[in-house]
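*Asks:* Below are the sequence and a predicted model; questions follow.
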Amino acid sequence: MTLDLGRFPRVDLGGFPTPLQPAPRLGEAIGVPNLLLKRDDVHPLGQGGNKLRKLEFLLGAALADGADTVVTFGALQTNHGRQTAAACAKLGLRCELVLTAKVPRDGDAYERSGNVLLDHIFGANVHFCADGEETGRTYDRLLAEAAAEGRKVATFPVGGSNAVGALGYVAATAELAGQLAERGITRARIVAPHASGGTVAGLALGTGLLDESLALDVACVSHPAEEALESMSQLVAETAKLMDVGVPSLDHVHVDDRTMGEAYGIPREDTWAALRLFGRTEGVVLDPVYSGKAGAALVDWAAHGRFAEDEPVVFLHTGGSPGLYGYAPEFPG
Ligand SMILES: Cc1ncc(COP(=O)(O)O)c(C=O)c1O
């Protein structure tokens, strides 16, 4: 079937389609000769990343609803917050970022560099909160202030991961399938990370609905595999409902947390090894929170024979490189 999303409000943030590039030196190093990188990190707006696809639909709905203010949430070094700030700047919307200390990291690099610096450059109002309670109070205050000033607020969840946001990755699946078809590829395996889940939910639904034979391998970066599978499945169902289509089987989706490590935001040696490997073979920058852990999963799966010989494998690069600078002091070299 074709994926028709034309009836959903959407803003054009430019920059799509993102490139699909062969990665022969990386592929040779890990024994995946037919390796491609889908470069969602490459986009002209706000230093790119996976949230821009979700934001096209989230902001489309917000504007259709007459919103002039966006409030969203995340960890201190949230890429979602930074991309929301950039998109709001482009559209002339007020952006309130309510950021919570979720990762045991502090110091100048983590607290002021990377995404935090860019949030300020894009003109967002940044509210740092110590815990969930302060986050809730801050949100209530922002809503009250907006109401008093006659502003209309659109609230986006952490990571932009609701059914509207997931539409962005349903659209991405169609884009990718088209690019693969241009290369004569009709069967492939996609590798992508899971955190708040909207990215893989959109991909799982898109690949489940398309006739093409695309499998999805999900690398957990913040939740154990069982939890990730459950929340992804729920979001797939909600997104299918929004699209008014049946929920496809998810037999083509495999979820694995082997390279997640101790917790969200804490890189491991194999995360840094993946950063070095991508950097030294392809000149591609990963980040130590998301794409680095997905990169480590790619390497691990290749080493354990997960991919058939000559099977085309597409690594979805979801971006996040600004967050790397927050971790500069702990780069092991
Ligand atoms: C760079 C990067 N990659 C991957 C993800 C995970 O995407 P999702 O939250 O849709 O699971 C995020 C989200 O925070 C991200 O910033």
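*Replies:* Thanks, I have the structure now. It should be emphasised that the depicted structure is a prediction, and the values quoted were computed from it without experimental measurement.
*Asks:* Look at Cys95 and tell me its secondary structure.
*Replies:* strand (DSSP: H, G, I helix; E, B strand; the rest coil).
*Asks:* Begin at 877 from now on, thanks
*Replies:* In the new numbering, first residue 877, that becomes Cys971.
*Asks:* who touches it in this structure?
*Replies:* 945-946, 948, 960-961, 964-965, 998-1001 (CB atoms under 8 Å, 6 or more residues apart in numbering). In this view, the C-beta of every residue, glycine as well, is placed from N, C-alpha and C.
*Asks:* which among these end up buried?
*Replies:* 945-946, 948, 960-961, 964-965, 998, 1000 (16 or more other CB atoms under 10 Å).
*Asks:* now, which of those lie within helices?
*Replies:* Taking DSSP state H as the definition of helices, the buried ones among the contacts of Cys971 contribute 960-961, 964-965.
*Asks:* closest to Met1136 among those?
*Replies:* Taking CB to CB as the measure, Thr960 is the one of these closest to Met1136, at 24.9 Å.
*Asks:* Pretty sure that closest one sits against Gly925.
*Replies:* No - counting by CB atoms under 8 Å, Thr960 stays clear of Gly925, with 10.6 Å between them.
*Asks:* And the strands in the stretch 1027-1176 of the chain, which stretches?
*Replies:* According to DSSP state E, counting those that start in this stretch, the stretch 1027-1176 of the chain carries its strands in the segments 1029-1031, 1063-1070, 1089-1096, 1129-1132.
*Asks:* can you list the residues of this structure near the ligand?
*Replies:* Within the chain, the residues that sit near the ligand (CB under 6 Å from any ligand atom) are 925-926, 955-956, 1035, 1037, 1069-1075, 1163, 1166-1167, 1194-1196.
*Asks:* Buried only: go through those residues for me.
*Replies:* 925-926, 955-956, 1035, 1037, 1069-1075, 1163, 1166-1167, 1194-1196.
*Asks:* Could you chop this protein up by domain?
*Replies:* Domains of the chain are assigned by automatic domain parsing as 896-925+1037-1206, 927-1035.
*Asks:* Distance of His1128 relative to the ligand?
*Replies:* To the ligand, His1128 is 18 Å away according to CB to the nearest ligand atom, to the nearest Å.
*Asks:* How about that residue: what's its closest non-neighbour residue?
*Replies:* Nearest residue to His1128, sequence neighbours excluded (CB to CB, 6 or more residues apart in numbering): Ala1091, at 4.6 Å.
*Asks:* who does the one you found bridge with?
*Replies:* Counting by DSSP bridges, Ala1091 forms beta bridges with Arg1065.
*Asks:* for it, what are its contacts?
*Replies:* With CB under 8 Å, 6+ apart, Ala1091 has these contacts: 1064-1066, 1083, 1128-1130.
*Asks:* Make a markdown table out of the residues you listed and add pLDDT and neighbour count.
*Replies:* Compiled in a markdown table, the contacts of Ala1091 are given as follows (pLDDT from 0 to 100; neighbours: other CB atoms under 10 Å):
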| residue | pLDDT | neighbour count |
| --- | --- | --- |
| Ala1064 | 97 | 20 |
| Arg1065 | 98 | 22 |
| Ile1066 | 98 | 27 |
| Thr1083 | 97 | 25 |
| His1128 | 97 | 16 |
| Val1129 | 98 | 23 |
| His1130 | 98 | 17 |
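*Asks:* Not counting residues beside it along the chain, what's closest to the spatially most central residue of the chain?
*Replies:* In the chain, the residue lying closest to the centroid (CA atoms, centre = their mean) is Asn926, at 3.9 Å. Setting aside the residues directly before and after it, Asn926 is nearest to Thr1194 in space (CB to CB, 6+ apart), at 3.9 Å.
*Asks:* Show me which helix or strand of the chain is least confident by mean pLDDT.
*Replies:* helix 984-988 (a mean of 94; mean pLDDT, DSSP states H and E).
*Asks:* remind me which residues of this structure are low pLDDT?
*Replies:* Along the chain, the model assigns pLDDT under 70 to no residue.
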